[in-house]
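K.L.:
mind folding the following:
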Amino acid sequence: MGRVFDAIKRASAADQGGEQKRHQPDLERHGESPSVPGLPSARQIEEQLPSRSSFLSVSHETAQNSASSAHTADIPGGLALPGGKASRDAGATLGAAGAARVDGFATYDISPARVEPHLVAVSQPRSPYCEQFRSLRTKLLQAGERKQMRAFVITSAGVGEGKTLTALNLAWLLAQTDGVRALVIDSDLRQPCATEYLGIDAPIGLSEVLGGAVRPEEAIVRLDPAGLYLLPGGKARDDVAELLSGPSYARILTDVRRMFDYIIIDAPPLGIFTDANVLMNRADGALLVVRSGKTRYALIDRLLEQIPREKLLGVVLNRVDEQFDETAYYYQRHYYNRDRGLTEAKTKQLPGERQEEVALVN
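P.N.:
Numbers count the residues shown, from 1 in each chain. Model (predicted):
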């Protein structure tokens, strides 16, 4: 049986009475962001953010078959990784970053001190957690070379599963690749929160572009030092399905394809809204983000059937408790500690913090 989908089965809250799962305490956060009535705010969603993630590479055979028959599919492997604990309020510094203009775009200097702590490409670039996103970046670059894939949708089974942070981490690392111009489009217009996680105040975005108030190039901002470009979500609204399925969004995507090498689209949750299906039809590839201990295995099964076989690149599994491989364990304990200037054979553990490991499935 494929070890990766075994991990999903064990880690997910399965319908058929699974194992007891360990859950970490919720992260204490404060403040609220604008939201659409009836939906949780970005701050409430962040309270449930995963502490760890795993990238599961899914073959075409896996996409063609359902997750329930994944034991017959070819699944190359997966990764489990740690994440840092949120120790500050990312929203407290909104507007703190000043914007200059470079090449006609408003430019923000992104600081590790201002971003959401789980944005590890900025806050913890040497961590094993960030290394997992580099592995994911490599997969996307390879897909771009082999299959001419350039626009990718990042969606999730539900809210609070880490898709926006996955999109931002991945895009930040893509932008650091030599010769690559990368753009993130915050298309989750019911709850746009990319700017909040980045610690910037960019109120004009996709919502205003779709409404005809501004052109795309007037809303796109540049994020330094990575040189990543972002089309923020702008004002939250509830007519998202109509906007994203209309011709205006298609024209925007056509325009930005001419301007950028890679486009990462932060889409609404596939398990709740139909918008993600519309966006996947217009993109070249898709990644599904799920959370262990929360996403039901039957739902993963159903969502994998919705994603076109030729577009599914993989599944990102968040909040993994599995410890798989001694080699990766040694990598964390030795090399990561060496980078941080530690000489001890064991990572120092903060009071009240559970020690986490990194593991690799081959």
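K.L.:
distance check, the residue nearest to D224 when sequence neighbours are not counted against V256.
P.N.:
Spatial nearest neighbour of D224, excluding adjacent residues (Cβ to Cβ, 6 or more residues apart in numbering): D109 at 5.3 Å. In short, each C-beta sits where N, CA and C put it, glycine included. Relative to V256, D109 is positioned 23 Å away (Cβ to Cβ, to the nearest Å).
K.L.:
now do V184
P.N.:
Taken as Cβ to Cβ, the span from V184 to V256 is 11 Å.
K.L.:
same check, this time on R126
P.N.:
From R126 to V256 the distance is 31 Å (Cβ to Cβ).
K.L.:
okay, these two: which has more neighbours?
P.N.:
V256 (18 against 12; other Cβ atoms under 10 Å).
K.L.:
could you pull out the strands for the stretch 101-250 of the chain?
P.N.:
Taking DSSP state E, counting those that start in this stretch as the criterion, the stretch 101-250 of the chain contains strands spanning 105-109, 151-156, 182-186, 221-224, 228-231.
K.L.:
compare the ones you listed and give me the one nearest S292.
P.N.:
strand 151-156 (12.9 Å; Cβ to Cβ).
K.L.:
tell me what angle the closest one forms with strand 182-186.
P.N.:
Using axes from the mean of the first three to the mean of the last three Cα atoms, to 10 degrees, the inter-axis angle of strand 151-156 relative to strand 182-186 is 40 degrees.
K.L.:
neighbouring strands for strand 151-156, and are they parallel or not?
P.N.:
strand 262-266 (parallel), strand 285-291 (parallel) (DSSP bridges).
K.L.:
residues in contact with that strand?
P.N.:
Applying Cβ atoms under 8 Å, 6 or more residues apart in numbering, the contact partners of strand 151-156 are 140, 162-164, 166-167, 170, 253, 257, 262-271, 276, 279-280, 282-291, 313.
K.L.:
re earlier: could you check how far the residue nearest to D224 is from Q124?
P.N.:
18 Å.
K.L.:
neighbour count: these two, which is higher?
P.N.:
Q124 (17 against 14).
K.L.:
pLDDT at that one, what is it?
P.N.:
pLDDT, Q124: 94.
K.L.:
then I45?
P.N.:
42.
K.L.:
make 663 the starting number, not 1.
P.N.:
Got it, first residue is 663 now, which makes that one I707.
K.L.:
can you get me the start-to-end distance on stretch 896-909?
P.N.:
End-to-end distance of stretch 896-909 (Cα to Cα, to the nearest Å): 19 Å.
K.L.:
what comes up buried for it?
P.N.:
Using 16 or more other Cβ atoms under 10 Å as the test for burial, stretch 896-909 gives 896-899, 902, 905-907.
K.L.:
ok, how many other residues are close to the spatially closest residue to D928 that is not a sequence neighbour?
P.N.:
Setting aside the residues directly before and after it, D928 is nearest to A829 in space (Cβ to Cβ, 6+ apart), at 4.3 Å. Neighbourhood size, A829 [other Cβ under 10 Å]: 27.
K.L.:
so A829 sits right up against I925, yeah?
P.N.:
No. Using Cβ atoms under 8 Å, A829 is not in contact with I925; the gap is 10.7 Å.
K.L.:
shared neighbours, the two?
P.N.:
Residues touching both A829 and I925 by Cβ under 8 Å, 6+ apart: V846.
K.L.:
and the two most separated of the buried residues of stretch 896-909?
P.N.:
K897 and S907 (18.9 Å).
K.L.:
number of residues surrounding T800?
P.N.:
The burial count for T800: 12, using other Cβ under 10 Å.
K.L.:
quick one, grab the pLDDT at it.
P.N.:
94.
K.L.:
top helix in the chain by residue count?
P.N.:
helix 790-809 (DSSP state H).
K.L.:
what packs against that one?
P.N.:
Where contact means 3 or more Cβ pairs under 8 Å, 6 or more residues apart in numbering; DSSP states H and E, helix 790-809 is packed against strand 715-719, helix 782-785, helix 825-837, strand 947-953, strand 974-980.
K.L.:
right, so of the ones you listed, which gets closest to A875?
P.N.:
Nearest of the helices and strands packed on helix 790-809 (Cβ to Cβ): helix 825-837, 23.6 Å.
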